[in-house]
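> sequence first, then the predicted structure, then my questions.
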Amino acid sequence: MALTTSCQANPARPRHTYRDYAALPEGAPYQLVEGELLMTPSPVALHQRLSGSLFVQLCDWVKGSAAGEVFIAPFDVIFDDENVLQPDLLFVSRERSSIVQDFCRGAPDLVVEVLSPSTASLDRSRKLRTYSRFGVARVWLIDPAEQTFECLLLDGATYRIEVTFAGEEVAEPPGFPGLRISLAQVWPAPSAPAGGR
């Protein structure tokens, strides 16, 4: 199943560059997408817990496999002068470690987006299109409300869903041999709200 990303940038808006982005106060909640500065709200506790759990499980796998490095937001991924994104998590393989300098300057091997009501549309449209345009091989979309974990693979110019995990399954994402992610440890407790940012 291919995912389309038809949302277009608004041509009436002024175009910004990395210079404009870099001039923002440190920690300002913005991303630069197709020359447009987009503000993203600060993540709520649920989002942070979920991202943190995924980060720990990925880091454990990286330590055991020496496969590369994992980074957690906020951490800039600089694709070009008009596209600077901050995925919730990203992985860069050991073979491509040269792209990690002060920030990540180029396409990570994997980006992870934790969906929330205020960001899901952006994550599934313009950000996904940017990731495909610059050659990010794999994207994981994590939906805490639906308790789904989608593994996407770049196939030509679009992404296709390789596999979807759900509920309390143990996810074994393609392309990461030996990685097992316990979704029961990722999702919020039944009493916790599943809302987003």
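Yep, that arrived. Bear in mind that the values here come from a model prediction, so they are computed numbers and not experimental data.

> and the residue nearest to Y21 when sequence neighbours are not counted, how close does it get to G167?
With sequence-adjacent residues excluded and distances taken as C-beta to C-beta, 6 or more residues apart in numbering, Y21 is closest to L32, at 4.6 Å. Just so you know, the C-beta spots here come from the backbone N, C-alpha and C atoms, and that holds for glycine as well. Distance, L32 to G167, using C-beta to C-beta, to the nearest Å: 36 Å.

> for the protein, longest helix please?
Ranked by residue count, the top helix of the chain under DSSP state H comes out as helix 45-65.

> now what about that helix, what contacts it?
43, 67-70, 72-73, 88-89, 91, 112, 114, 116, 142, 144, 176-179, 181-182, 185-188, 192-197 (C-beta atoms under 8 Å, 6 or more residues apart in numbering).

> on that earlier part again, L32 and G167: which has the busier surroundings?
L32 (27 against 11; other C-beta atoms under 10 Å).

> list the residues that contact that one.
Per C-beta under 8 Å, 6+ apart, neighbours of L32: 16-18, 20-21, 38, 82-85.

> are any of those buried, and which?
16, 18, 20-21, 82-85 (16 or more other C-beta atoms under 10 Å).

> quick one: low-confidence residue ranges for this protein.
1-14, 190-197 (pLDDT under 70).

> mind listing the helices for it?
Using DSSP H, helices in the chain cover 18-22, 45-65, 120-124, 126-133.

> out of these, flag the one nearest L154.
Among the helices of the chain, the nearest to L154 by C-beta to C-beta is helix 126-133 (5.8 Å).

> tell me what the closest one is packed against?
In terms of contacts (3 or more C-beta pairs under 8 Å, 6 or more residues apart in numbering; DSSP states H and E), helix 126-133 is packed against strand 30-33, strand 83-85, strand 148-155, strand 158-166.

> I161: neighbour count?
13.

> need the contact list for F134.
F134 touches 79-80, 83, 106-107, counting by C-beta under 8 Å, 6+ apart.

> let's have those in CSV, adding distance to C151.
Formatted as CSV, the contacts of F134 follow (distance: C-beta to C-beta, whole Å):
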residue, distance to C151
F79, 22
D80, 26
N83, 23
G106, 21
A107, 17
